[in-house]
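In: Take this sequence and fold it.
(chains A and B)
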Amino acid sequence: MINMKLDRLTLLAARQLLQDRKVTSRQLTEYYLNRLEKYDGQLNSCLMVDRVGALRQADQADQRIALGESMGVLGIPYLAKDNLLTKGVKTTAASKMLVDYVAPYDATVISRLNQAGAVLLGKTNLDEFAHGASTENSAFTITKNPYDLTRVPGGSSGGSAAAVAADFCVFALGSDTGGSVRHPASLCGVVGYKPSYGAVSRHGLIAMTSSTDVVGVLAKTAADAAAVLQVIAGEDNFDATAKTVLAPADLDLQINWSALKIGWPEEYLIADLNQAVLASLIKVKNFLQERGAQIVPISLPSTKYGVAVYHVITSAELSSNLARFDGLRYGYRQAAENLAETYLANRGSGFGSEPKRRIMLGTYVLSAGQGHSYYNQAQQVRRWIRSDFNQAFQAIDFVLAPTVPQPAFQIGQKVDSPLSLYLEDILLTPASLAGLPAISWPTGWSSEGLPIGSQLIGPVGHDYDLLTLTQAIQAALVCPGRPLTWEQ
Amino acid sequence: MKLDIKAIEHLAVLAKLSLATGEAEIYGRQLTDILGHLDHLDEASDFIEKQQLVDQLNDCPTTTMAVDLSVDEVIAWPKSEVADSLAMADSQLGQEIIMPRIK
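Out: Okay, the predicted model is just below:
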């Protein structure tokens, strides 16, 4: 039995407790497993909890700690989004198509965390195949926002964000294709970091849009996200796009504020931006100015086309990536008369409505004629988006922007209008399309008591600079947490 | 661009998806709505042409890194994982995977 409060532990604090032998990895793991057991029935953040496996890993970590091994993420309990393959543990992508699928190998990020001694508690809910921004599209359950159980947690990494906010783990892994880490992070009041494209291997991440998919981190602080990045980033023989991002040994929070130039893009201050979101952003801007940073008004005119470009490119790529799910080799299978009927039945019943909608859209934009012109235009505008950012980064170091226009919305509110849900990502897709590192961190609360996040976007490869600046802001401009009412 | 029920049914066949009763109509409405938004790309393309914006980067947005072509995934893949993958197949004969008969 331990005589200390373990609630809301950051990774760095947990690491210190383990290092000082004030707590064991088993005790930490049991603490989170017990919380999951007690409370997750209300939130549905997880699709699966592996108590036996987690305790076994925790015991192994304790043995390594006892031998004096250096810390990193050794003994730290975490959760992983259920579109990351885990050997011997079910990976469903929240789809009926993969309901009983057990992967024969680990995703590279999982394997690296395993080797570093992190403890996998279980797998989190998501929108089916990561298609969505509310985690309502899961085939199994709807995850709820920890700060208002009638509202969505955002998505598609909604289970991971809700779990971190609910203190069910120290950190969680998600994936960000067009905002799927930053969006739920903003709605749940946690840090959501999307690395530069290629900074982290995609091997073992169930592919959605191969040209923008990245594995991201949901955590309580930017420093925690950096600590995880140090373990998971880097080249990988299984992903030719994975590259090295230079990592410092520790985050140096000594920022030369007066040398800092922050871009303030007018196009991100869209007309329907919630007043509390704007106020929260201005608070950050004022803070930076007070510290001596220069705020530079910039223009990124391509921003408003981000969602259109994203949905053409993503639907085209995912319709190809999801073609492999035919139910013949593995996955959901339904008896039919002949081969053609078998394909139709397996895929028609195995996929939910959102993947089906996106697959058909992708099939359309890849088809000859009018459909194909969408694809060509989207590729052209994508280059413009990237050029826009590239030009801006000649004069500035980072872009400061809102993450999401509005705080969390009611469950069911946007179910009948997919387009309105797609537009949730309007401020998120440009960084994804340009392959830039970006982060959302909690900066305020709405009048209804809902979390609000702000976003920083950096140049490709400047991931640690981005995390350092965010951590420095987070440490100085503290956004106090709020009680979780269901806990009491 | 409007997608009618016939167009949706054709797309579903191309995408190897069966549709339940009434789904074609719903998808038709929703995808037409979405394509309406995607039509904004015309405006963006016109802007690019009028401003004569030239792509200075001359590469694909997310392929800036050097690709090591010497990497051979098949060789690099651990033998135990290959064996595990094969064991997932319904039946084996030597190294060949036999697909179950479609009923």
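In: any low-confidence regions in chain B?
Out: Filtered on pLDDT under 70, chain B yields the residue ranges B:54-77, B:82, B:85-103.
In: What sits closest to the residue of chain A found nearest chain B if chain neighbours are left out?
Out: Per Cβ to the nearest Cβ, A:Gly348 is where chain A lies closest to chain B, at 2.9 Å. All C-beta atoms are positioned from the backbone trio N, CA, C, and that covers glycine. Spatial nearest neighbour of A:Gly348, excluding adjacent residues (Cβ to Cβ, 6 or more residues apart in numbering or on different chains): B:Ser18 at 2.9 Å.
In: What of A:Leu84?
Out: Excluding its sequence neighbours, the residue lying closest to A:Leu84 (Cβ to Cβ, 6+ apart) is A:Ala107, at 4.5 Å.
In: My guess is the residue nearest to A:Gly348 contacts A:Leu344. True?
Out: Yes: at 4.1 Å, B:Ser18 and A:Leu344 qualify as touching, with contact defined as Cβ atoms under 8 Å.
In: and the host helix or strand of B:Phe47, does that touch chain A?
Out: Using DSSP states H and E, the element containing B:Phe47 is helix B:40-50. Yes: Helix B:40-50 comes into contact with chain A (Cβ under 8 Å from any Cβ of the partner chain), by way of B:His40, B:Leu41, B:Asp42, B:Glu43, B:Ala44, B:Ser45, B:Phe47, B:Ile48.
In: hmm, which of those are the buried ones?
Out: For the residues of helix B:40-50 next to chain A, a burial check counting by 16 or more other Cβ atoms under 10 Å in any protein chain shown picks out B:His40, B:Leu41, B:Ala44, B:Ser45, B:Ile48.
In: Of those residues, which is the nearest to A:Tyr364?
Out: A:Tyr364 lies nearest to B:Leu41 out of these, by Cβ to Cβ, at 14.0 Å.
In: Kindly tell me how buried the residue nearest to A:Gly348 is, as a neighbour count.
Out: Neighbour count for B:Ser18, taken as other Cβ atoms under 10 Å in any protein chain shown: 18.
In: which one's the longest helix in chain A?
Out: helix A:370-392 (DSSP state H).
In: Please enumerate residues in contact with the helix or strand just after that one?
Out: Sequence-wise, the next helix or strand downstream of helix A:370-392 (DSSP H and E) is strand A:398-402. Strand A:398-402 is touched from outside by A:260, A:262-265, A:268-269, A:273, A:277-278, A:281, A:284-285, A:288, A:295, A:298, A:300, A:389, A:392, A:427, A:453-458, A:466, A:469, with contacts defined as Cβ atoms under 8 Å, 6 or more residues apart in numbering or on different chains.
In: Just the buried residues of the residues you listed.
Out: A:260, A:262-265, A:268-269, A:273, A:277, A:281, A:284-285, A:288, A:295, A:298, A:300, A:389, A:392, A:427, A:453-458, A:466, A:469.
In: Roughly how far does the residue nearest to B:Gly28 when sequence neighbours are not counted sit from A:Gln394?
Out: Leaving out its chain neighbours, the residue that sits closest to B:Gly28 by Cβ to Cβ, 6+ apart is B:Ile8, at 4.7 Å. Taking Cβ to Cβ, to the nearest Å as the measure, B:Ile8 falls 46 Å from A:Gln394.
In: What is the three-state secondary structure of A:Trp441?
Out: Secondary structure assignment for A:Trp441 (DSSP: H, G, I helix; E, B strand; the rest coil): strand.
In: who's it bridged to?
Out: A:Ser454 (DSSP bridges).
In: Next, the contact list for it, please.
Out: So A:Trp441 contacts A:Ala185, A:Val191, A:Gly192, A:Ala222, A:Gly453, A:Ser454, A:Leu456, A:Thr470, A:Ile473, A:Gln474 (Cβ under 8 Å, 6+ apart).
In: Okay, and which of those map to helices?
Out: Short answer: the contacts of A:Trp441 in helices (DSSP H) are A:Ala185, A:Ala222, A:Thr470, A:Ile473, A:Gln474.
In: Just put those residues in JSON lines and tack on neighbour count, distance to chain B and pLDDT.
Out: What follows is the ones in helices among the contacts of A:Trp441, written out as JSON lines (neighbours: other Cβ atoms under 10 Å in any protein chain shown; distance: Cβ to the nearest Cβ, whole Å; pLDDT from 0 to 100):
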{"residue": "A:Ala185", "neighbour count": "38", "distance to chain B": "22", "pLDDT": "98"}
{"residue": "A:Ala222", "neighbour count": "25", "distance to chain B": "24", "pLDDT": "96"}
{"residue": "A:Thr470", "neighbour count": "26", "distance to chain B": "23", "pLDDT": "97"}
{"residue": "A:Ile473", "neighbour count": "23", "distance to chain B": "28", "pLDDT": "96"}
{"residue": "A:Gln474", "neighbour count": "19", "distance to chain B": "28", "pLDDT": "96"}
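In: Mind picking the two most distant members of those?
Out: Taking Cβ to Cβ as the measure, the ones in helices among the contacts of A:Trp441 span a maximum distance of 15.0 Å, between A:Ala185 and A:Ile473.
In: residues in contact with the longest helix seen in chain B?
Out: Using DSSP H to define each element, chain B has its longest helix at helix B:23-38. Applying Cβ under 8 Å, 6+ apart, the contact partners of helix B:23-38 are A:307-308, A:311-312, A:353, A:356-357, A:360-361, A:364, A:374, A:417-419, A:422-423, B:1-5, B:7-9, B:12, B:19.
In: In helices only, show me the residues you listed.
Out: Short answer: the contacts of helix B:23-38 in helices (DSSP H) are A:307-308, A:311-312, A:353, A:356-357, A:360-361, A:364, A:374, A:418-419, A:422, B:5, B:7-9, B:12.
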